[in-house]
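> Kindly return the folded structure for what I paste below:
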Amino acid sequence: MKYVDGFVLAVPADKKDEYRRHAAEAAPLFKEFGATRMVECWGDDVPNGKVTDFRRAVDAKDDETVVFSWIEYPSKEARDAANEKIMTDPRMQTMGEMMPFDGKRMIFGGFDTIVDERGSGTPGYTDGFVVPVPSEKKEDYQALAQRMAGKFKEYGAIRVLEAWGDDVPNGEVTDYWRAVQAQDGEEVVYSYIQWPDKATRDAGWARMMAEGPEQNTPMPFDGKRMFWGGFRPILDTAAE
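Down below sits the predicted model:
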């Protein structure tokens, strides 16, 4: 089963090009270690929330932009092997010392894919989501996510992926648990929808809201603590 390492971080807006270069230099190393894809997306339409949001998740400053990124592996075993190499490879250690952002406020974790629906086309815009879901409602959430994925594909989405928290550590400053104000018995879900462009994304969401396909179905999670945003890709190794 495909495994995803998901990241959210805050980067100074004036260091966008520096961050892109940093990510581009790291990408070949992750591929060497076993990753199949690395994607970096720059915040574009990231709203403030009443309870939770992407900016609060990483304690973003006024002059910072939220980045939503992920690395895909063919399995958890491949990811674990890659992490061992990352921790000992001097090239990665050198890059870690040159990060153009505050690594202490980056949140990250490993997630098992539970939904992965694909259409056709080249991704040009991404919706990212982080959701707290009760462990006992995993099957309900997966069934709902599968139905919604079909709708999003119908509305023009290229890919819909939902991944269930598996290796989500507690952090000293920030982490996924605090980001969604997770309660006892809940897990964190990391998900994204890729669209060909922002216009298709906006039109797709307009249709979804107008048709309300799940309006009579109880949500198996607390929607007030879910947060989301729109991001523009700045690096995607699948497109190289």
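
> tell me which element the nearest residue to Phe221 once chain neighbours are set aside falls in.
Nearest non-adjacent residue to Phe221, counting by Cβ to Cβ, 6 or more residues apart in numbering: Val133, 4.5 Å away. All C-beta atoms are positioned from the backbone trio N, CA, C, and that covers glycine. Secondary structure from DSSP states H and E places Val133 in strand 125-134.

> Kindly report the same for Ala203.
Counting by DSSP H and E, Ala203 is part of helix 198-211.

> which other residues reach that helix?
44-45, 124-125, 127, 151-152, 155-157, 193, 195, 230, 232 (Cβ atoms under 8 Å, 6 or more residues apart in numbering).

> Nearest to Ala78 among those?
Ile193 (24.6 Å; Cβ to Cβ).

> ok, that closest one to Met38 distance?
Remark: distance between Ile193 and Met38 (Cβ to Cβ, to the nearest Å) = 18 Å.

> These two: which has the busier surroundings?
Just comparing Ile193 and Met38: by other Cβ atoms under 10 Å the higher neighbour count belongs to Ile193, 27 against 23.

> With only the CA atoms kept, save the helix or strand encompassing that one in PDB.
Assessed by DSSP H and E, Ile193 sits inside strand 186-195. This file holds the C-alpha atoms of strand 186-195, laid out as PDB (Å, rounded to 0.1, in the frame of the first residue of the first chain):
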ATOM      1  CA  GLU A 186      -8.900  10.300  17.400                       C
ATOM      2  CA  GLU A 187      -6.500   9.900  14.500                       C
ATOM      3  CA  VAL A 188      -5.200  12.500  12.000                       C
ATOM      4  CA  VAL A 189      -6.100  12.200   8.400                       C
ATOM      5  CA  TYR A 190      -3.900  13.900   5.700                       C
ATOM      6  CA  SER A 191      -5.500  14.400   2.300                       C
ATOM      7  CA  TYR A 192      -5.300  16.300  -0.900                       C
ATOM      8  CA  ILE A 193      -7.200  16.900  -4.100                       C
ATOM      9  CA  GLN A 194      -5.200  17.700  -7.300                       C
ATOM     10  CA  TRP A 195      -6.800  19.800 -10.000                       C
END
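
> Residues in contact with the helix or strand bottoming out on mean pLDDT in the chain: which ones?
Least confident helix or strand of the chain, by mean pLDDT, DSSP states H and E, is helix 90-96 with a mean of 90. If you take Cβ under 8 Å, 6+ apart as the criterion, helix 90-96 is touched by 22, 25-26, 29, 85-86, 103.

> Save those residues as CSV, and put in pLDDT and secondary structure too.
Shown next, in CSV, are the contacts of helix 90-96 (pLDDT from 0 to 100; DSSP: H, G, I helix; E, B strand; the rest coil):
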residue, pLDDT, secondary structure
His22, 96, helix
Glu25, 95, helix
Ala26, 95, helix
Leu29, 96, helix
Lys85, 93, helix
Ile86, 91, helix
Gly103, 95, helix
